[in-house]
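Colleague: Coordinates only, no sequence provided:
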């Protein structure tokens with residue numbers, strides 16, 4: 001899949017490439033306004049910054065009509081019965097167990113384990 005990364009970190013770029021994705025562009029915070037105005041809304045984006053900033057950036061792009069990619073690393077173990085929300089990234093060697101529900105724009109970091117009802 002061809003992707004745009006907003007606020008890309010090195011590990012995010014590497015993980016996406018290992019998973020076979022094409023990185024079309026990495027957009028930094030100083031380019032946000034011009035990309036929102038002139039960016040290609042047909043290419044899904046991945047929002048990389050952590051925490052509150054990720055939600056703020058995601059909401060800004062969603063309001064402008066952009067779509068989001070949900071990314072699961074090849075080495076992650078996600079149960080078939082787990083539900084993963086839009087714009088979520090499940091990093092290398094992470095585990096998401098059965099019946100787990102993960103919201104939108106969540107980053108499950110490297111080697112983390114997320115279980116149901118937590």
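Modeller: Ah, there it is. Because the structure is a prediction, the values reported are computed rather than measured. Numbers count the residues shown, from 1 in each chain.
Colleague: In contact with residue 102: list those residues for me.
Modeller: The contact partners of residue 102, taken as CB atoms under 8 Å, 6 or more residues apart in numbering, are 82-85, 88, 90, 96, 108, 114. To be clear about C-beta, it is placed using only N, CA and C from the backbone, and glycine gets the same treatment.
Colleague: And the furthest pair within those?
Modeller: 83 and 108 (13.1 Å; CB to CB).
Colleague: Of those two, which one has the most company?
Modeller: Higher neighbour count among residue 83 and residue 108: residue 108, with 22 against 13, using other CB atoms under 10 Å.
Colleague: Return the members of the contacts of residue 102 classed as buried.
Modeller: 82, 84, 88, 90, 96, 108, 114 (16 or more other CB atoms under 10 Å).
Colleague: Name the residues of the helix or strand of the chain with the lowest mean pLDDT that are buried.
Modeller: Each helix and strand of the chain was given a mean pLDDT (mean pLDDT, DSSP states H and E); the minimum falls on helix 32-38 at a mean of 81. Buried residues in helix 32-38, counted by 16+ other CB under 10 Å: 32, 35-36.
Colleague: who touches it?
Modeller: 4, 6, 27, 57, 60-61, 64, 66.
Colleague: Show me what the very next helix or strand once past that helix is in contact with.
Modeller: Of the helices and strands lying after helix 32-38 in sequence (DSSP states H and E), the nearest is strand 45-47. Strand 45-47 is touched from outside by 3-8, 12, 16, 54, 57-58, 61, 66-69, 71, 87, 89, 105, with contacts defined as CB under 8 Å, 6+ apart.
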